[in-house]
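S.K.: need coordinates for the below:
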Amino acid sequence: MVRALKDFCDITVAATDKDDEGGYGYIKIEPSIAKRQNFHFNYPTLLRKLVSLYLQTYNRLKIIWPSYYYEKIIQTQGYKHNYQLLSKEKYDVVICHHATNLPLAAKLANAYQATLFFNAHEYYPKEFENDIHWVRGTQPMVKYICEKYLPAVKKIITVSDGLADAYKEDYKKDSIIVPCVKPYAELEPSVVSNNKIRIVHQGYANEDRKIETMINACDYLDDRFELHLYLMPTNPDYYNKLIESIYQRKNIILHDSVSYDKLLPELNQYDIGMYILEPTNFNTRHMLPNKLYEFIQARLMVAISPSVEMMKVVEQYGIGIVTEDHTAKSMANALNALTAHDIVRYKKNTGYAAEKEAAEAYYPIIRNAILADC
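M.R.: Presented below is the predicted three-dimensional model:
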């Protein structure tokens, strides 16, 4: 987003951290997260019970007076501090990332009659709909935010057709599609060996991504295949279970994670990028993940399970295979059926896909959408 606009606009980025790229103004803001309601758990018994009674009574407000209840949660000290910081400058356009930032962004845009855009990385009202605790605790507030503040948004920017359709159906808002594409990489496909075909997967070791399914697929693969994993241990317990499973198999190699500036050359040495993404909720069903575009820029053949949005890209450019279902056995069967010639052909096709699905190809789309009325 910044790269698309910084040569055409005076940009200020408001964030908790700043990257090293530069070319824009920067305002450091605070996380605006409400105090958790378990802060009193270590209080003496009588005081703890009194506080609990007060909170239970107060929480009933979300049913009888939701606007008051949720606005009190939203307008934290961090929210007020950030608004004071940001309102010192005048803006023509405000681009908001993430639903929890919409109230602040809408207030800022209204103060200066600026045009508000919402960069929606997820369909937030259903982000973790498979988690009962999120559904009970967080979903009502997210729905409140979307219902109240999305009307102020001119247009949504999101990553897939499925998410765009949901925002249109539920909130009557149009979207432009900008997937999680990566800058174009000047790489050539690596040579494919008949005897050793190297599969790779990289990403977060989160339980809902079910990395174990890809690990289990290795039990059914021919001897010519080996799987290389680059995992970020975001969930230590789950990660440790994966480690135990990996060490039980001879055809899986675990690597240290690498920084993004080294990632594409690292991936380029492999043959196939694999991702089994089971649709555990609405967002995973319509996800277009970063790693698909990393596979493309690294000039890898792609092997995926039948994920609705990823299938469109893989089939459009002829860059790989889509399995019959989301099981380990299905992935292994599809991989075992490949010849080295097939893999070479798919890898070759990624050259064209890398041009069409590079970040640079989407810069004009971003500029046309955001700068049209400026």
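S.K.: I'd say Ile211 and Lys241 touch.
M.R.: No: contact criterion C-beta atoms under 8 Å: Ile211 and Lys241 do not qualify, at 9.6 Å. Placement of C-beta: from N, CA and C, glycine included.
S.K.: which of the two has more neighbours?
M.R.: The neighbour comparison of Ile211 against Lys241 (other C-beta atoms under 10 Å) goes to Ile211, with 22 against 15.
S.K.: and the pLDDT at that one?
M.R.: Note for Ile211: predicted pLDDT of 93.
S.K.: got a list of what it touches?
M.R.: 201, 205, 229, 231, 242 (C-beta atoms under 8 Å, 6 or more residues apart in numbering).
S.K.: next, count neighbours for the closest residue to Ala303 other than its chain neighbours.
M.R.: Nearest non-adjacent residue to Ala303, counting by C-beta to C-beta, 6 or more residues apart in numbering: Met274, 4.7 Å away. Per other C-beta under 10 Å, the neighbour tally for Met274 reads 26.
S.K.: Met274 in helix, strand or coil?
M.R.: strand (DSSP: H, G, I helix; E, B strand; the rest coil).
S.K.: same deal with Tyr70?
M.R.: With three-state DSSP as the criterion, Tyr70 reads helix.
S.K.: could you say which helix or strand holds the nearest residue to it once chain neighbours are set aside?
M.R.: Closest residue to Tyr70 apart from its sequence neighbours, by C-beta to C-beta, 6+ apart: Tyr144 at 4.6 Å. Assigned by DSSP states H and E, Tyr144 falls within helix 139-149.
S.K.: show me how far that helix is from its chain's centre.
M.R.: Computed by C-alpha atoms, centre = their mean, to the nearest Å, the chain-centroid distance of helix 139-149 equals 20 Å.
S.K.: show me what it is packed against.
M.R.: Using 3 or more C-beta pairs under 8 Å, 6 or more residues apart in numbering; DSSP states H and E as the contact criterion, the elements in contact with helix 139-149 are helix 66-74, helix 102-111, helix 161-171.
S.K.: on that earlier part again, does the residue nearest to Ala303 touch Cys218 like I think?
M.R.: No: assessed by C-beta under 8 Å, Met274 is found out of contact with Cys218, at 10.1 Å.
S.K.: quick one: common contacting residues for those two?
M.R.: Contact criterion C-beta under 8 Å, 6+ apart; residues shared by Met274 and Cys218: Leu227.
S.K.: show the contacting residues for Tyr352.
M.R.: With C-beta under 8 Å, 6+ apart, Tyr352 has these contacts: Tyr317.
S.K.: separation between it and Phe282?
M.R.: As judged by C-beta to C-beta, to the nearest Å, Tyr352 and Phe282 stand 31 Å apart.
S.K.: now swap in Ala120 and tell me
M.R.: Distance from Ala120 to Phe282, by C-beta to C-beta: 13 Å.
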